[in-house]
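Visitor: just coords:
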């Protein structure tokens, strides 16, 4: 049993080496990773938003983000977790172990009071920023 | 507040990391299982779904690392991980580890020892408070001998010192405790000696200026701590005990603090006594202004605000006044002030120790280059492992950090071992007595600064050779390496490793050159003409003042001793010389000599200043000095006969034109006596080996008897008696004449050690450095050759299969290392020749362009190369192409 486990693990490791080589587009989710690099904190904002609609476990948050953005924003799966832990450390989320809908043990996250306040602030600030950029981009040459 | 919280968090995270890790694992696994559930619901088989879920998730370890980083509480954990991994890696290749630690240990030990020397000799020569403002009077490179009344005037008239003290030597004094009488050496000091130095006694009290009331007052002595320990067994009731110095009673009043050994570098006296009493111990009359050997050096703390330049001008003005006031007795000298502790050795010691430090650092650099290339080779070997780690998500910085940890571990281990070795060596050095019979010691002993220095060196060198693989690791492309295997890049370019090897070899060549030059210099100095034959000669130091002889009894007893020596079986000739024979203890006195009709007898207008020796008849035969013209001295040349002398060739040629012309001519001494030249002897060396040819004159000892003299006895080599037998025969004969007279016998060759001491030390040090350099370069070449052979084994196998001959295989395998060896040796040889200018300072007759030296170095490097490449060459030749190709 142990040997088979090891063989499997090695195969998974090697597979992850070649993950980019033979993986279909759907779950590559490079888009948001790039975005998260451009605008730090955007991922956090999305997580907070996703959780604000109700406590979720990690996989559920992933799905929820895809849902509320109409599948336009997709996250590389593992990249979620550093963000989650960071938010827990900052006190914006709190976590609890529970049972999921599939009857499995999972860690559930929900907003704290500070988290809810932060979400509101960040949303307003993001909207302001987006509005300003949109206005700048829509300027006609004569209006400058 | 944030900082405190964060710190708390980190420490908490550190201690709970296992629990956190387990939770994290579980959470990530749960995520993947949920994804697998979804996929299964869409129709995939469970096994495939799980596999797909894992692939989609991406590199688990990478995200776990990122989570850890988000927590930030794992600096300590990472460090501990790095440590454990490095230790494991080092344990896996024990050969590499041991070789590196040994190399670094040698290099750091060398540096630590030289630093200890530098610390003890240059940075802190004296163990007294505020030694930075302590200055002593010198005459250029010579000690400032002057008369005691001169010193008193200087003390009272100067305006720059806060008190001027003085000291002289009291050597060869018989100290009788009542139980035994042993010859010991001390300092004769002015009353304010200890007060000027601001030292406190360890036991009892010191004597002070108030205790002095003119000559033969203040019969007190102070013991040094070491002497109190060895001779008086730490007797705490020592204060108040009386002893006899040369049969005069003295009271021991105190013990100096441990570590205090007077005011002269290298010399550790046994006791201190007031200088006003030095006449009864064999010194001159302190009140005599013409006795220019009354005081060895005067020193004191400068008054605050007075610069050394101002003090020099002040002392010069006082000296000028004294010269005018006492023209006959005060020779003209321009004074300099030097830091107290080093007089006639200053520039030599400084240059030598600085040179040694440079060489030691060179050795350390060579060792770092060696280890750097080893490390680079090893990193290249581990490129597969590095590639895998990079692919699994490690950052390059992390990998570099781990490599650096390995390097620092090795350097710390090497540094610790090196420091231990150096401490042992320094301890041995500090008790070593290089000159038998003289109280000379090297004042070096390990202190805390040494450990800090070694630690700093270890860390720096660890970083130095640890960063060598940086470029390599940064450029590693993991995918390429995993696919293609880590084949070495075969190219003609010069890589960093090659440069390091060249640097190492050239440093080694420099070291080997220096040591060869030093050895040559020493050998040639041993064979130069001394003007006497030190082999088969026995010297006996006899100080008649110890046994209470005075006045006319002295020469009479001395004659009796010479006659007694001649009756010993096996003795060819015996004679005597006052004070010290040539080349012993670098003691040589000069006298002023004038034309036979000169009226102006001031030292400044002397025609010549030869060394003066007062000898007995038979001295030249005993010393083996050959007579060139005229006759030697005889017993008829005494007080009642006209004054005669024997001069040496240099004197004869300078004053009288030639050797033959000189016999029969007359010259005048400073006291007005006219002396006739009756004979001329060969030239020789009198004070130090490195002096140019100097004039010398030999006068009959009966004209100016002195109680301290050396008997010179020449042993007939055909008599079959060895020096020990002759020495005991001498002692027993003198014992028959007077039982209370201690005799100190040595061969002349042994006493020559003093003059040879600096050269010997230099040669030994340089020889050791050269050896270490050689070992380092052997290791370096061996490493590179072995590595290159092992990497190209496949290629060599193919060459052999295709029919290459042995020579061609060797050329292919070892061509590169040997080419680098040649390059490095050439560079090192040139550097070494340039650098021997520095060597010429310390090593007598160091001529770097000596063809023997060049040939020697070339030969040595060739030999080293051969030695180092022997084993890899054998391995290359023993390659069996079939097995190799099959393995690959």
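Guide: Happy to help now that I have it. This one's a predicted model, so the numbers in the text were calculated from it and none came from an experiment. Numbers count the residues shown, from 1 in each chain, chains lettered A, B, ... in the order given.

Visitor: what's the single longest helix in chain A?
Guide: Counting residues, the longest helix found in chain A (DSSP state H) is helix A:113-137.

Visitor: I'd like to know which elements it is packed against.
Guide: Contact partners of helix A:113-137 among helices and strands, from 3 or more CB pairs under 8 Å, 6 or more residues apart in numbering or on different chains; DSSP states H and E: helix A:42-52. Where C-beta positions appear, they are placed from N, C-alpha and C, glycine not excepted.

Visitor: distance between the helix or strand following the helix it packs on and the chain's centre?
Guide: Per DSSP states H and E, the first helix or strand lying C-terminal to helix A:42-52 is strand A:56-57. Chain-centre distance of strand A:56-57: 12 Å, with CA atoms, centre = their mean, to the nearest Å.

Visitor: who's in contact with strand A:56-57?
Guide: A:50, A:64, A:98, A:100, A:106, A:107, A:108, A:109, A:110, B:30, B:31, B:34 (CB atoms under 8 Å, 6 or more residues apart in numbering or on different chains).

Visitor: between whichever strand or helix holds the fifth one and helix A:113-137, how big is the angle?
Guide: This means residue A:106. Assessed by DSSP H and E, residue A:106 sits inside strand A:105-111. Orientation check (axes from the mean of the first three to the mean of the last three CA atoms, to 10 degrees): strand A:105-111 against helix A:113-137 gives 70 degrees.

Visitor: can strand A:105-111 be found next to chain B?
Guide: Yes: using CB under 8 Å from any CB of the partner chain, strand A:105-111 reaches chain B at A:105, A:106, A:107.

Visitor: Verify the stated contact: the last one with residue A:97.
Guide: Same thing as residue A:107. Yes: contact status for residue A:107 versus residue A:97: in contact at 5.6 Å, counting by CB atoms under 8 Å.

Visitor: Show me which of the two is the more surrounded one.
Guide: Using other CB atoms under 10 Å in any protein chain shown, the more surrounded residue of residue A:107 and residue A:97 is residue A:107, with 21 against 13.

Visitor: for the chain, where's the lowest mean pLDDT among helices and strands?
Guide: Unless you meant another one, I'm taking chain A. helix A:30-38 (a mean of 43; mean pLDDT, DSSP states H and E).

Visitor: I was after chain B.
Guide: Across helices and strands of chain B (mean pLDDT, DSSP H and E), lowest is strand B:142-143: a mean of 59.

Visitor: Residues touching the following helix or strand past that strand, excluding its own?
Guide: Downstream of strand B:142-143, the next assigned helix or strand under DSSP H and E is helix B:148-157. Helix B:148-157 has contacts (CB under 8 Å, 6+ apart) with B:137, B:146, B:164, B:166, B:190, B:275, B:286-289, B:291, B:294-295, B:298, B:315, B:318-319, B:321-322, B:330.

Visitor: Equivalent analysis for stretch B:634-649, please.
Guide: Outside stretch B:634-649, the residues touching it (CB under 8 Å, 6+ apart) are B:531, B:559, B:610, B:617, B:620, B:627-628, B:630, B:632-633, B:659, B:662, B:673-684, B:695-700, B:702-703.

Visitor: make it 6 Å
Guide: B:617, B:659, B:673, B:675-683, B:696-700, B:702 (CB atoms under 6 Å, 6 or more residues apart in numbering or on different chains).

Visitor: tell me which residues in that stretch are buried?
Guide: B:637, B:644, B:645, B:646, B:647, B:648, B:649 (16 or more other CB atoms under 10 Å in any protein chain shown).

Visitor: Show me the two of those residues that sit farthest apart.
Guide: B:637 and B:649 (20.9 Å; CB to CB).

Visitor: Output the contacting helices and strands for the strand holding residue A:106.
Guide: Judged by 3 or more CB pairs under 6 Å, 6 or more residues apart in numbering or on different chains; DSSP states H and E, the packing partners of strand A:105-111 are helix A:42-52, strand A:56-57, strand A:93-99.

Visitor: Kindly recompute the last result at 7 Å.
Guide: helix A:42-52, strand A:56-57, strand A:93-99, helix B:17-41 (3 or more CB pairs under 7 Å, 6 or more residues apart in numbering or on different chains; DSSP states H and E).

Visitor: So what are the sheet partners of it and their directions?
Guide: Strand A:105-111 pairs in its sheet with strand A:56-57 (antiparallel), strand A:93-99 (antiparallel), by DSSP bridges.

Visitor: Comparing the ones you listed, which comes out most buried?
Guide: Among these, ranked by average contacts under mean count of other CB atoms under 10 Å in any protein chain shown, first place goes to strand A:56-57 (a mean of 22).
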